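**Q** attaching a predicted model along with its sequence, questions to come.
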Amino acid sequence: MTFNLRYASDTRPHSWAERRPVMRSLLRREAPHLIGTQEGLYGQLRDIAEDLGPHYAWVGTGRGGGSRDEFAAIFYDVRRLAPVEYDHFWLSDTPYLIGSATWGNTVIRMVTWVRFRDMWGGGEFAAWNAHLDHANQYSRERSTALIRERLGVLDPSLPRIVTGDFNVAAHKNPVYEAMLADGALVDSWDVAEERSAQYGTFHGYRPLVLDGDRIDWILTSPGVRTRCATINTFSEHGQFPSDHLPVQALLEW
């Protein structure tokens, strides 16, 4: 699952207090083995960890360092996945300088990645989670180039999953084409053997848009099989858990 959580706020409507029970219901119902999240604040992520229960853990750091600011955290089911190594880098000319932003980003942007061991099926895979800038196209393009460069140094036999809010529509922006350039990655939505109806993944608490833009993606290495892809429209009593819809994929390799 990739899910922009919408940072926790006390402002109504759609405060975190209103949204948390819906988020809890959604995540417990779906029980993903892996969740790449964006925008979560530290206290919010702790709430989600509590609501998911003891079978989940997470990796992340605030984009400003430590527990400050928003995270690009990765949650995982400890019954299935064991982290082997992890790290973070910032989407800038100085990717290992915490909190750096050099490409005109409107806010600090970063990537969190984890190499997991699959304790059921054996083998390992790399999970990368990103949140690109919402306003600056130059920043998004430079960020894409950096992500692709760093993915390129991985062992080519290692399966890769890239989750994220890319803040541009699939098939409608050079960022999308660059992420999929040379066939190094594929869009799980496009290659899925089955898929749900497509809705715009950012709805802003307005009516859902059928066949709307997908700005939240799950990309994989081409050897990964996507059996099913879903844009999840779950809500309770008219309340959505976030201003984005989560995107899910059932993957095999």
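**A** Cool, the structure landed.
**Q** distance check, the nearest residue to Leu45 once chain neighbours are set aside against Asn129.
**A** Closest residue to Leu45 apart from its sequence neighbours, by C-beta to C-beta, 6 or more residues apart in numbering: Ala73 at 5.5 Å. C-beta coordinates here come from the backbone N, C-alpha and C atoms, glycine included. Distance, Ala73 to Asn129, using C-beta to C-beta, to the nearest Å: 8 Å.
**Q** between those two, which contacts overlap?
**A** Shared contacts of Ala73 and Asn129 (C-beta atoms under 8 Å, 6 or more residues apart in numbering): 37, 112.
**Q** quick check, Val186 in contact with Leu180.
**A** Yes - assessed by C-beta atoms under 8 Å, Val186 is found in contact with Leu180 at 6.6 Å.
**Q** joint contacts of these two?
**A** Leu219.
**Q** tell me where the stretch 101-250 of the chain has strands.
**A** 110-118, 124-131, 160-165, 186-187, 194-195, 216-220, 225-231, 247-252 (DSSP state E, counting those that start in this stretch).
**Q** using TSV, lay out those strands together with distance to Glu141 and mean pLDDT.
**A** Listed next are these as TSV, based on distance: least, C-beta to C-beta, whole Å; pLDDT from 0 to 100:
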stretch	distance to Glu141	mean pLDDT
strand 110-118	15	98
strand 124-131	13	98
strand 160-165	15	98
strand 186-187	18	98
strand 194-195	28	98
strand 216-220	16	99
strand 225-231	26	98
strand 247-252	22	98
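**Q** mean neighbour count for these - can I get that in a markdown table?
**A** A markdown table is the format used below for those (neighbours: other C-beta atoms under 10 Å):
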| stretch | mean neighbour count |
| --- | --- |
| strand 110-118 | 22 |
| strand 124-131 | 23 |
| strand 160-165 | 25 |
| strand 186-187 | 18 |
| strand 194-195 | 13 |
| strand 216-220 | 25 |
| strand 225-231 | 17 |
| strand 247-252 | 20 |
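**Q** and those strands as TSV, adding distance to Asp47?
**A** Formatted as TSV, these follow (distance: least, C-beta to C-beta, whole Å):
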stretch	distance to Asp47
strand 110-118	19
strand 124-131	19
strand 160-165	20
strand 186-187	31
strand 194-195	31
strand 216-220	21
strand 225-231	24
strand 247-252	21
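**Q** quick one, what contacts the nearest residue to Ala229 once chain neighbours are set aside?
**A** Leaving aside its sequence neighbours, Ala229 sits nearest to Ala192 (C-beta to C-beta, 6+ apart; 3.7 Å). In this structure, Ala192 makes contact with 226-229, 249, judged by C-beta under 8 Å, 6+ apart.
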